[in-house]
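In: only geometry, no sequence info:
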């Protein structure tokens, strides 16, 4: 369906408005959670649940008005896992929103500028998301949290894919996995929308056609072996991503 100036465009603009209001509402709730004397783990869990419902609400809205076709495959089964790294390639802006609409209790890595962004800082800090200011501290914190049973959602390219099908993977997630002896579950994210929301494209733009389409497929699981170097482990996972994504194109 080609994009028309009319109902579809109005509904799509409302999706952007919903996103902004969701961030604002989530931040207010998280400020309240900070005020209430709750244990850190409970506050983080409840904040992540709020984020999950807000993301799921956006997905339901887009699906209801037939603006989005998303195949999440078996992602919901990952809710039963604990102490794992869920590694996803990163084709577009909204991959994290779509993933968190399916996963109610994961922590994430954030760039420092996003972690300090006043519009979302309250909610991401209340959720216990880690920032990448100090790499050594980041790896130590994430390894400890994985060992305690938390699940980490990570986009190991570090940014949206600039050279499809995959950019070079950063090694930090591999170090975390090896230190915590945590499995790395790969998820293949495929955008079916041409250049829309990809690297170098504006966020506040309209897609060339509707519905926009995404496909997520849970792929192989990796566990480091004794004596394996982090670079080798990372390259093994990167090679899998490249081969699997190439086979889908």
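Out: That came through fine. These figures come from a predicted structure and were not determined experimentally.

In: nearest the geometric middle of the protein, what residue?
Out: The chain has residue 96 as the residue nearest its centroid, 2.7 Å off, counting by C-alpha atoms, centre = their mean.

In: would you double-check that that one falls in a helix?
Out: Yes. Assessed with DSSP: H, G, I helix; E, B strand; the rest coil, residue 96 lies in a helix.

In: surely it touches residue 129?
Out: No. If you go by C-beta atoms under 8 Å, residue 96 and residue 129 don't touch, sitting 10.5 Å apart. Any C-beta I mention is one placed from the backbone N, CA and C, and that applies to glycine too.

In: touching both of those two, which residues are there?
Out: By C-beta atoms under 8 Å, 6 or more residues apart in numbering, residue 96 and residue 129 have these common neighbours: residue 108.

In: what helix or strand is residue 178 on?
Out: Residue 178 is located in helix 172-180, with elements delineated by DSSP states H and E.

In: which positions within the strand or helix carrying residue 20 qualify as buried?
Out: Using DSSP H and E, residue 20 sits within helix 7-35. Neighbour-count burial for helix 7-35, counted by 16 or more other C-beta atoms under 10 Å, picks out 8, 11, 12, 22, 23, 26, 27, 29, 30, 33.

In: in the helix or strand that comes right after it, what's buried?
Out: Next in sequence after helix 7-35, counting helices and strands by DSSP H and E, comes helix 40-64. Going by neighbour count (16+ other C-beta under 10 Å), the buried part of helix 40-64 is 43-48, 50-52, 54-56, 58-59, 62.

In: elements contacting helix 40-64?
Out: helix 7-35, strand 68-71, helix 95-100, helix 121-126 (3 or more C-beta pairs under 8 Å, 6 or more residues apart in numbering; DSSP states H and E).

In: in stretch 125-136, which residues are buried?
Out: Residues 125, 126, 127, 128, 129, 130, 131, 132 are the ones in stretch 125-136 that count as buried (16+ other C-beta under 10 Å).

In: to clarify, my last question referred to stretch 61-78.
Out: Residues 62, 65, 67, 68, 70, 72, 75, 78 are the ones in stretch 61-78 that count as buried (16+ other C-beta under 10 Å).
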